[in-house]
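Student: Fold the stuff below for me.
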Amino acid sequence: MVVLIPAYEPDQRLVDVVAELRRQAPSWQVVIVDDGSGPRYAAVFTMAAALGATVITHDKNRGKGAALKTGFAWIRSHAPGETVVCADSDGQHLVHDIVRVASAVRPSTMVLGGRRFTGKVPARSRFGNAVTRHVFRALSGVPVYDTQTGLRAYPHELLSWLASVPGERFEYEFQALLRARTAGIRIVEVEIETVYEVERHSSHFRTVRDSVRIYAPLLGHAWMTRS
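Tutor: Just a heads-up that it's a prediction; the model follows:
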């Protein structure tokens with residue numbers, strides 16, 4: 001099992017996630033892709049590496065999708081045959097949920113860790129996920145509750161397909177959802193805890209630009225299915 005964590009300008013929470021993974025799943029390999037964070041964040045990645053994580057570095061910021069693809073390519077070369085579970089670097093995904101999502105992997109199946117957005121959740125996140133959820137279901141016929149979750153697990157045979165999915169930034173994971181059904185890939189959702197530390201939470205999601213990137217393929221999908 002390999003845990004893949006894309007990271008851009010992370011803080012101590014990344015180190016905490018790696019430390020907890022080493023404690024709860026010591027046999028798992030942890031691969032982190034530093035997506036061009038720069039020298040100011042070198043110490044965070046050094047601490048993660050000291051805990052046993054493999055750190056791959058982009059020389060400049062290329063986007064979450066690009067970081068995931070870099071990680072998938074590394075895993076195909078260095079850990080062939082291994083199941084991959086992707087998690088975020090900001091502590092939103094509890095390690096016991098990462099383990100649960102990974103354990104649900106089956107052949108030709110994409111497993112999502114689906115949040116239910118209870119408790120103290122930023123209004124932007126709650127509203128954005130609700131809109132995307134309903135539009136995605138209407139157009140695709142696939143009932144996914146949390147279309148924007150970063151906690152996802154894949155069997156090894158899907159890594160080649162994931163490399164072919166277009167997108168370099170936040171739209172990449174949404175593109176994978178849109179294309180899964182056509183590719184014959186089943187989507188399974190495992191409910192996980194919703195964790196938002198509001199006073200500490202910061203996102204690299206750019207509301208206007210990245211929303212356009214996400215919704216553009218959705219609108220294109222709708223156009224293609226109705227043509």
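Student: which residues does residue 114 bridge with?
Tutor: Going by DSSP bridges, residue 114 is paired in beta bridges with residue 191.
Student: Surely it and residue 144 touch.
Tutor: Yes: checked against C-beta atoms under 8 Å, the pair residue 114 and residue 144 is within contact range at 7.4 Å. Backbone N, C-alpha and C define where each C-beta goes, glycine included.
Student: okay, and for this protein, where does confidence drop off?
Tutor: The chain contains residues with pLDDT under 70 at 117-130, 196-227.
Student: ok, which stretches of it are helices?
Tutor: For the chain, applying DSSP state H gives helices covering 12-24, 42-50, 64-78, 95-103, 123-140, 159-164, 171-180, 207-226.
Student: For the shortest one, which helices and strands make contact with it?
Tutor: Using 3 or more C-beta pairs under 8 Å, 6 or more residues apart in numbering; DSSP states H and E, the elements in contact with helix 159-164 are helix 64-78.
Student: elements contacting the helix it packs on?
Tutor: Using 3+ C-beta pairs under 8 Å, 6+ apart as the contact criterion, the secondary-structure elements in contact with helix 64-78 are strand 2-7, strand 29-35, strand 54-58, strand 84-86, helix 159-164, helix 171-180.
Student: Packing partners of the last one?
Tutor: In terms of contacts (3+ C-beta pairs under 8 Å, 6+ apart), helix 171-180 is packed against helix 64-78, strand 109-114, helix 123-140, strand 186-191, helix 207-226.
Student: how about the fourth one: buried residues?
Tutor: Think strand 186-191. For strand 186-191, the buried set under the neighbour-count rule, 16 or more other C-beta atoms under 10 Å, comprises 187, 189, 190.
Student: residue contacts, the last one?
Tutor: By C-beta atoms under 8 Å, 6 or more residues apart in numbering, the contact set of residue 190 is 97, 100, 101, 104, 111, 112, 113, 114.
Student: how near is the closest residue to the fifth one other than its chain neighbours to residue 164?
Tutor: Once flanking residues are discounted, residue 111 sits nearest to residue 153: 4.2 Å by C-beta to C-beta, 6 or more residues apart in numbering. Using C-beta to C-beta, to the nearest Å, one obtains 19 Å as the distance from residue 153 to residue 164.
Student: higher neighbour count, these two?
Tutor: Taking residue 153 and residue 164 together and counting by other C-beta atoms under 10 Å, residue 153 has the greater number of neighbours (28 against 9).
Student: List the residues that contact the more buried one.
Tutor: Residue 153 makes contact with 83, 84, 85, 86, 101, 102, 104, 105, 110, 111, according to C-beta under 8 Å, 6+ apart.
Student: List the residues that contact residue 172.
Tutor: Residue 172 touches 63, 64, 65, 66, 68, 69, 165, 166, counting by C-beta under 8 Å, 6+ apart.
Student: So what's the residue count around the last one?
Tutor: The number of residues packed around residue 166, counting by other C-beta under 10 Å, is 11.
Student: With the first one instead?
Tutor: Around residue 63 sit 22 other residues, with neighbours defined as other C-beta under 10 Å.
Student: Hmm, it is touching residue 173, no?
Tutor: No: applying C-beta under 8 Å, one finds residue 63 not in contact with residue 173, separated by 11.1 Å.
Student: quick one: the residue nearest to residue 161 when sequence neighbours are not counted and residue 162, what's the gap?
Tutor: Closest residue to residue 161 in three dimensions, ignoring its sequence neighbours and counting by C-beta to C-beta, 6+ apart: residue 183, at 6.0 Å. Between residue 183 and residue 162 the distance, using C-beta to C-beta, works out to 10 Å.
Student: Of those two, give the one with the bigger neighbour count.
Tutor: In this comparison of residue 183 against residue 162, neighbours counted by other C-beta under 10 Å, the higher total goes to residue 162 at 24 against 13.
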